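S.K.: here is a sequence with its predicted model. Questions after.
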There are 2 protein chains.
Amino acid sequence: MDNHSIKKITVVGTGVIGNGWIGRFLANGYDVVATDPAENAEARMRAAIDKAWPAIEKHGIAPGASKDRLTFEPDLATAVADADLIQENAPEREGIKRSLLAEIDSFAKPEAIIASSTSGLMPSTLQADCARPERVIVAHPFNPVYLVPLVELVGGKATSPEVVKVAEQFYHSINMKPLVISTEIEGHVADRLMEAIWREALHLVNDGVATTEEIDAAIIYGPGLRWALMGPFLTLHLAGGEQGMRHMLAQFGPALKLPWTKLVAPELTEELSESVINGCEQQTEGHSISELEQRRDDFLVELQELLEKYWPGANLNGKI
Amino acid sequence: MDNHSIKKITVVGTGVIGNGWIGRFLANGYDVVATDPAENAEARMRAAIDKAWPAIEKHGIAPGASKDRLTFEPDLATAVADADLIQENAPEREGIKRSLLAEIDSFAKPEAIIASSTSGLMPSTLQADCARPERVIVAHPFNPVYLVPLVELVGGKATSPEVVKVAEQFYHSINMKPLVISTEIEGHVADRLMEAIWREALHLVNDGVATTEEIDAAIIYGPGLRWALMGPFLTLHLAGGEQGMRHMLAQFGPALKLPWTKLVAPELTEELSESVINGCEQQTEGHSISELEQRRDDFLVELQELLEKYWPGANLNGKI
């Protein structure tokens, strides 16, 4: 089995995420069958694809790609019968997803791959009721799926390593950045980080410290600009001057004991420090801090022009 | 007193943040005096400004602005004597900052404003040893200060409201986005959110779930792209379809009870839900979700072109 054997794709569930997947699959020249039990699902799906299509085209589409290559099939069994890949996007409830995946598993071709878009549930749990759990995998995307490239791939205890490999090749082939996560945890990786911010933000609103608008502004005009380019580690590596992360941990390590968030930090052991410092140094191998700072700065100048073009602060953030 | 009375600025402490401030003040046409007790501080400061200057010029400088309008003065008392605004950037240790601010307070003109760049300490604590605490304020910037516009302004119990107002006008006049925070907490607002992500990221490394490189990639290619445009609230408001945040809280509210991060969430009461929903609706008043999605999508298309130009993934992220 390789990723070239994926020719027909079925999307189960046509909410925001399901429709986002349809956009990405169509953009990459696939035939897509979609199914959803909700009333008017087809009309809403087609409206969503029509709306997204100009941005999809601007982002780039494969030769022969067309939104006319999309079929709606209300019957689940019929919809998945011929698919090589089935992408499931049911509501984020364990019971719903488990029984739906078991149904899909019973209707699909034996060699089809079944991918769940779950943001938080673990694949070992989701595949538990399937007769062929080895072809069930988590492929967690980010909204809007037709534009944001990250997809987290997580296999469960019963998932075949071959399926993980084929999925990685396939999602890469549709211009995504697959991140294979080998340790199953609730929330995978990106949502652990997003959920931490989200919960801290809810605490700030709950404690009356800031409004949603102020919190959003505190992200957009500060750390958010940098996060488009660098994650939390490289951001701090570049903030530490020529000594990078080593200096930052010495300078801000003690702050991990302070109540700078409601989240209790791990103990900053010698081992953890070294993992973080070595990680940053490996990530930037062959590039001086100075060179990376230069690139970051050039990026930030152009990014702010872009932000001004599409999101002039005054319109949305009266306060800031 | 108004912000036009600020003509001479002294920067105390010329590390990464102090030098960043010098760049921003010079870019806006100010004369700047800098002081730092470290050996070779002047040479390192001038090298940092030289390096940043091309990006500063590209971002835009005021008429008459020049990096020649920077003077280094090793003696603290002399350095601050004539300043209308003193920006303090000592290491993030309460003892060091408190005694330094008290010294600055004793040497500065009575009407000068003293701003601390502290990322986490509270102004009421920092101003405690000053004879004129009413002119001491926190003005917390983000690296690189000469390009990132956010500055958090927090007054302490003894800070005069007039000083907060003048500071807000002044930082706005140098092309920053001042966020006035009326409730003092450790870490202010943006660092609460950054620290939450940072601690969760350290847990992930510590638990062996992901490397620093994988975590950075999980931000850059996913949520980070959106955070350049929108904070955590608007991001979810737009992910909720036409019903926005109301739908998201119904769909993902229960997940606050799940272990999706090590941070315990607040109780999602009716009151908190309404604060969040109303906040998002006020932020986007007069703009349909559909219109905002369109703008977000156009932004994301161009942002990814920019990212590819300055930060081609392959160079820095072998894995992803």
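M.R.: Yes, it's here.

S.K.: interface residues of the stretch 1-150 of chain A facing chain B?
M.R.: For the stretch 1-150 of chain A, the contact set with chain B under Cβ under 8 Å from any Cβ of the partner chain comprises A:15-16, A:51-52, A:55, A:58-59, A:91-92, A:119-120, A:142-144, A:147-150. Where you see a C-beta, it was placed from the backbone N, CA and C, and this is true even at glycine.

S.K.: 10 Å instead?
M.R.: Residues of the stretch 1-150 of chain A that fall close to chain B, judged by Cβ under 10 Å from any Cβ of the partner chain: A:15-17, A:19-20, A:44, A:47-48, A:51-52, A:54-60, A:91-94, A:119-121, A:140-144, A:146-150.

S.K.: name the helix or strand of chain A that has the lowest mean pLDDT.
M.R.: helix A:313-316 (a mean of 49; mean pLDDT, DSSP states H and E).

S.K.: next up, the contacts around the nearest residue to A:F233 once chain neighbours are set aside.
M.R.: The shortest distance from A:F233 to any residue other than its chain neighbours is 4.1 Å, reached at B:T212 (Cβ to Cβ, 6 or more residues apart in numbering or on different chains). B:T212 makes contacts with A:231-234, A:236-237, A:245, A:275-283, B:201-202, B:204-205, as judged by Cβ atoms under 10 Å, 6 or more residues apart in numbering or on different chains.

S.K.: pull out the buried members of those.
M.R.: A:231-234, A:236-237, A:245, A:275-277, A:279-280, A:283, B:201-202, B:204-205 (16 or more other Cβ atoms under 10 Å in any protein chain shown).

S.K.: from those, which land in helices?
M.R.: Counted as lying in helices by DSSP state H, out of the buried ones among the contacts of B:T212, are A:232-234, A:236-237, A:245, A:275-277, A:279-280, A:283, B:201-202, B:204-205.

S.K.: next, count neighbours for A:K109.
M.R.: 13 (other Cβ atoms under 10 Å in any protein chain shown).

S.K.: correct me, but it touches A:V80?
M.R.: Yes: counting by Cβ atoms under 10 Å, A:V80 is a contact partner of A:K109 at 8.5 Å.

S.K.: hey, what's in contact with both of the two?
M.R.: With Cβ under 10 Å, 6+ apart, A:K109 and A:V80 have common neighbours A:8, A:86.

S.K.: buried residues in stretch A:62-73?
M.R.: Buried-residue list, stretch A:62-73, by 16+ other Cβ under 10 Å: A:65, A:67, A:70, A:72-73.

S.K.: my bad, stretch A:81-95
M.R.: For stretch A:81-95, the neighbour count (16+ other Cβ under 10 Å) marks A:81, A:83-90, A:92 as buried.

S.K.: what of stretch A:239-255?
M.R.: For stretch A:239-255, by 16+ other Cβ under 10 Å, it's A:239-241, A:244-249, A:251-252, A:255.

S.K.: filter those down to the ones near chain B?
M.R.: Checking those against chain B (Cβ under 10 Å from any Cβ), the matches are A:239-241, A:245, A:247-249, A:251-252, A:255.

S.K.: now for the residues you listed, which pair is the farthest apart?
M.R.: A:G241 and A:A255 (17.3 Å; Cβ to Cβ).

S.K.: for A:L85, grab phi and psi.
M.R.: phi -140, psi 130 (degrees, to the nearest 10).

S.K.: show me the contacts for it.
M.R.: A:3, A:5-11, A:25, A:30, A:108, A:112-115, A:135, A:139, A:166-167, A:170-171.

S.K.: and chain A, what are its domains?
M.R.: A:3-181, A:190-316 (automatic domain parsing).

S.K.: quick one: residues contacting the closest residue in space to A:L263 that isn't next to it in sequence.
M.R.: Distances taken as Cβ to Cβ, 6+ apart place B:L263 nearest to A:L263, at 3.9 Å, with adjacent residues excluded. When contacts are counted by Cβ under 10 Å, 6+ apart, B:L263 touches A:192, A:195-200, A:202-203, A:261-264, B:196, B:199-200, B:203.

S.K.: wait, isn't A:D129 in contact with A:A158?
M.R.: No: the pair formed by A:D129 and A:A158 falls short of the contact definition of Cβ under 10 Å, at 11.3 Å.

S.K.: shared neighbours, those two?
M.R.: A:V136.

S.K.: show me what the helix or strand containing A:I22 is packed against.
M.R.: Counting by DSSP states H and E, the element that carries A:I22 is helix A:16-27. Using 3 or more Cβ pairs under 10 Å, 6 or more residues apart in numbering or on different chains; DSSP states H and E, the elements in contact with helix A:16-27 are strand A:8-12, strand A:31-35, helix A:41-59, strand A:70-72, strand A:85-88, strand A:136-141, helix B:232-239, helix B:244-252.

S.K.: is the last one positioned near chain A?
M.R.: Which is helix B:244-252. Yes: with Cβ under 10 Å from any Cβ as the criterion, chain A is reached by helix B:244-252 at B:245, B:247-249, B:251-252.

S.K.: could those residues go into JSON lines alongside pLDDT?
M.R.: Below are these laid out as JSON lines (pLDDT from 0 to 100):
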{"residue": "B:M245", "pLDDT": "92"}
{"residue": "B:H247", "pLDDT": "89"}
{"residue": "B:M248", "pLDDT": "88"}
{"residue": "B:L249", "pLDDT": "91"}
{"residue": "B:Q251", "pLDDT": "84"}
{"residue": "B:F252", "pLDDT": "84"}
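
S.K.: mind checking the SS state of the residue nearest to A:L263?
M.R.: Secondary structure assignment for B:L263 (DSSP: H, G, I helix; E, B strand; the rest coil): coil.

S.K.: show the pLDDT at it.
M.R.: Note on B:L263: pLDDT of 90.

S.K.: likewise for the one 5 residues further on?
M.R.: Per-residue pLDDT puts B:L268 at 90.

S.K.: quick one: it is in a strand?
M.R.: No: applying three-state DSSP, one finds B:L268 to be coil, outside a strand.

S.K.: hey, which helix is longest across chain A?
M.R.: Per DSSP H, chain A has its longest helix at helix A:289-310.

S.K.: so for that helix, what's the average pLDDT?
M.R.: For helix A:289-310, the per-residue pLDDT averages 88.

S.K.: quick one: classify A:K109 as helix, strand or coil.
M.R.: coil.

S.K.: what about A:E267, how many residues close to it?
M.R.: 10.

S.K.: quick one on the thing from earlier: from B:I289, how far out is the residue nearest to A:F233?
M.R.: B:T212 sits 36 Å away from B:I289, going by Cβ to Cβ, to the nearest Å.

S.K.: between the two ends of stretch A:33-50, how far is it?
M.R.: 16 Å (Cα to Cα, to the nearest Å).

S.K.: any buried residues in that stretch, and which?
M.R.: So, applying 16+ other Cβ under 10 Å, buried residues of stretch A:33-50: A:33-36, A:41-42, A:44-46, A:48-49.

S.K.: check stretch A:147-160 too.
M.R.: So, applying 16+ other Cβ under 10 Å, buried residues of stretch A:147-160: A:147-156, A:159-160.

S.K.: tell me which of those residues is nearest to A:R295?
M.R.: So of the buried residues of stretch A:147-160, ranked by how close each gets to A:R295 (Cβ to Cβ), first place is A:P149, at 19.5 Å.

S.K.: quick check: phi and psi on that closest one?
M.R.: Dihedral angles for A:P149 - degrees, to the nearest 10 - are phi -80, psi -20.

S.K.: isn't A:L101 right up against A:G95?
M.R.: No: here A:L101 does not reach A:G95: they are 11.1 Å apart, not a contact under Cβ under 10 Å.
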